[in-house]
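>>> the sequence isn't on hand, but the structure is:
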């Protein structure tokens with residue numbers, strides 16, 4: 001009798017909870033977004049477009065040792081930018097930002113028109129093709145503008161500054177043979193001779209450790 005009551009209880013629980021579970025599975029991840037002014041864009045996304053934000057559009061450059069002008073300006077002190085570098089970086093950023101804001105506004109405006117036509121049930125194939133093509137074109141231009149700024153920025157900075165930038169931004173090294181170790185060729189080390197107050201550049205690579213020592217030892221003997 002006790003086992004029968006338990007079985008009935010379990011069956012009742014399953015009957016009551018199954019519809020709830022099914023309704024949760026069927027619920028769209030878009031639920032609530034129908035209240036947006038522009039359904040396809042969040043407030044944060046709209047703000048990024050209108051303010052000329054990066055939105056991750058230049059990751060291909062940023063994560064491959066092509067610094068972005070905005071972050072270079074933020075790290076100007078740590079990177080020891082010269083006055084010339086600072087001026088050039090500001091120029092690159094201002095040009096990029098101005099064009100990004102202009103295109104961002106166009107994209108938001110076109111998305112607004114597209115949303116309105118759907119909301120009013122007035123969209124036709126011609127309008128749809130024109131608007132989606134226009135948005136895609138402007139999005140391509142926007143990405144180009146951001147990536148171009150990274151390409152321009154790489155020409156302004158030295159190799160050491162780019163390495164420092166990557167380190168400050170928390171990116172991993174490229175995995176080369178000097179991974180995690182100083183690269184003498186890129187450091188351009190110098191030597192100071194105190195007796196005559198002169199600096200000397202360190203010469204080219206001579207030989208691997210021990211090999212050249214053996215050669216000198218043989219000559220001495």
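It's in. Note that the structure is predicted; figures quoted are calculated from it, not measured.

>>> low-confidence stretches in the chain?
Screening the chain residue by residue with the criterion pLDDT under 70, one finds the ranges 1-24, 173-188, 203-221.

>>> so after the longest helix along the chain, what's the next helix or strand?
Under DSSP state H, the helix in the chain containing the largest number of residues is helix 83-119. Once the chain leaves helix 83-119, the next helix or strand it forms, by DSSP states H and E, is helix 125-156.

>>> just checking, what packs against that following helix?
For helix 125-156, the contact count by 3 or more CB pairs under 8 Å, 6 or more residues apart in numbering; DSSP states H and E identifies helix 59-62, helix 69-74, helix 83-119 as packing neighbours. No exception for glycine: its C-beta is placed from N, CA and C like everyone else's.

>>> so residue 131 makes contact with residue 112?
No - the pair residue 131 and residue 112 fails to qualify as a contact (CB atoms under 8 Å) at a distance of 10.3 Å.

>>> tell me the centre residue of the chain?
By CA atoms, centre = their mean, the mean C-alpha position of the chain lies nearest to residue 59, the distance being 3.5 Å.

>>> distance of it relative to residue 143?
Distance check for residue 59 against residue 143: by CB to CB, to the nearest Å, it reads 10 Å.

>>> before we move on, what about residue 89?
Distance, residue 89 to residue 143, using CB to CB: 21 Å.

>>> how about residue 123?
As it turns out, when the distance is counted by CB to CB, residue 123 lies 26 Å from residue 143.
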